[in-house]
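Novice: Pasting the sequence and the predicted coordinates here, then a few questions.
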Amino acid sequence: MSHELHLVDAFTGTPFRGNTAAVCIMDGPADPVWMQQVAGEMKHSETAFLHPGQGGWNLRWFTPEREVDLCGHATLAAAFTLWTAGHEKPGSAIAFETRSGTLTAQKDGDWITIDFPAEPVISGASVPGLDRALGVSPVFVGRNRFDILAELPSAADLCTLEPDMAALAGFSTRGIIVTAVSDLPHFDFVSRFFAPAVGVPEDPVTGSAHCCLGPYWGEKLKKTELDGFQCSARGGTVRVTLHGDRVILGGHAVHISSGQLLV
């Protein structure tokens, strides 16, 4: 049996920038072991697996090493693929049933927006060894249910960061969000995301991290609409709108390739 397989660069309008997601469209549920094997073969930070459900689409996300509970760029890529491949009317609202509840996607002008749960920092946290692993002392460290968040003194500290990946992999967390106030025009904050514990040393652009970054910087900057730049090697832009216990993530996407998965 073959399945559609698409590659999409998400949170960018330029090919070979942003974060690449593989999107696999299936007729029905599949064996999780097989999905994990496919994700390992793809080697992108996430592979999205879709099949039709009641009133929408069932969606699951896998890194090369494990299934995750929330992924922004692969959700944006999934919506973009459903529209461009003709599975949904262009620009129509799409509902996804996921491990994090119902998520929706729609078009807003030339932006794609996805409605996600806010994942704010619960409190400040002491994380022994984080300073050494990052190579710089954060001005704040906190945690949410997925990740550690560390604010650095400056954007320059962030963009030149060369962390110890083996040390970061030893922390009990999905990943480490590192952020600073922006020194770039048109952006409120900058960030990077490291998740070696789940097989993603550095993620190019991380939508789900902005479910934490949006509330964090919204409170600090007293804003409900913010623009973030993830200053990885590929780079990407995420627009964040705060709406109570939800965040609306906005971005663009570029179709890179399409084909069939034959196994």
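Specialist: Right, received. Where do you want to start? Numbers count the residues shown, from 1 in each chain.
Novice: among the helices and strands of this protein, which one scores worst on average pLDDT?
Specialist: The helix or strand of the chain with the poorest confidence is strand 123-124; it has a mean of 80 (mean pLDDT, DSSP states H and E).
Novice: Name all residues that make contact with P163.
Specialist: Contact analysis of P163 by C-beta atoms under 8 Å, 6 or more residues apart in numbering lists 133-135, 176, 178, 194. Heads up, the C-betas are built off the backbone N, CA and C, glycines and all.
Novice: Could you dump the residues you listed into JSON lines and include neighbour count?
Specialist: Shown next, in JSON lines, are these (neighbours: other C-beta atoms under 10 Å):
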{"residue": "A133", "neighbour count": "20"}
{"residue": "L134", "neighbour count": "24"}
{"residue": "G135", "neighbour count": "13"}
{"residue": "I176", "neighbour count": "25"}
{"residue": "V178", "neighbour count": "25"}
{"residue": "F194", "neighbour count": "25"}
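Novice: Among those, which one sits closest to H44?
Specialist: Proximity of the contacts of P163 to H44 (C-beta to C-beta) peaks at F194, which lies at 16.3 Å.
Novice: I'd say that closest one and T173 touch.
Specialist: No. Applying C-beta atoms under 8 Å, one finds F194 not in contact with T173, separated by 10.1 Å.
Novice: where do the helices sit along the stretch 151-263 of the chain?
Specialist: 155-159, 165-169, 210-221 (DSSP state H, counting those that start in this stretch).
Novice: Point out the most buried one among those helices.
Specialist: helix 210-221 (a mean of 22; mean count of other C-beta atoms under 10 Å).
Novice: Quick one: residues in contact with that helix.
Specialist: Residues contacting helix 210-221 (C-beta under 8 Å, 6+ apart): 70, 72, 116-121, 142, 144, 146-147, 149, 151, 177, 179, 181, 188-189, 191, 223-224, 226, 228, 238, 240-242, 247, 249.
Novice: hmm, 7 Å instead?
Specialist: Here helix 210-221 makes contact (C-beta atoms under 7 Å, 6 or more residues apart in numbering) with 72, 116-121, 144, 147, 149, 177, 179, 188-189, 191, 224, 226, 228, 238, 240, 242, 247, 249.
Novice: ditto for stretch 253-260
Specialist: Contacts of stretch 253-260 (C-beta under 7 Å, 6+ apart): 2-10, 12-15, 20, 76-77, 80, 84, 112.
Novice: so for stretch 205-217, what's the average pLDDT?
Specialist: The average pLDDT within stretch 205-217 is 98.
Novice: Return the alpha-carbon coordinates of it using CSV.
Specialist: In CSV, the C-alpha atoms belonging to stretch 205-217 read as follows (Å, rounded to 0.1, in the frame of the first residue of the first chain):
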residue,chain,number,x,y,z
VAL,A,205,11.8,26.6,14.0
THR,A,206,9.6,25.4,16.8
GLY,A,207,5.9,26.3,16.8
SER,A,208,5.1,24.6,20.1
ALA,A,209,7.9,26.5,21.9
HIS,A,210,6.1,29.7,21.0
CYS,A,211,3.1,28.4,23.0
CYS,A,212,5.4,29.2,26.0
LEU,A,213,7.4,32.1,24.5
GLY,A,214,4.2,34.0,23.5
PRO,A,215,2.8,34.2,27.1
TYR,A,216,6.3,34.7,28.6
TRP,A,217,7.2,37.7,26.4
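Novice: for it, the distance to its chain's centre please.
Specialist: Distance, stretch centre to chain centre, for stretch 205-217: 9 Å (C-alpha atoms, centre = their mean, to the nearest Å).
Novice: so what are the domain limits for this protein?
Specialist: Following automatic domain parsing, the chain resolves into domains at 3-105+252-261, 123-243.
Novice: If anything else comes up later, I'll come back, but that's it for now.
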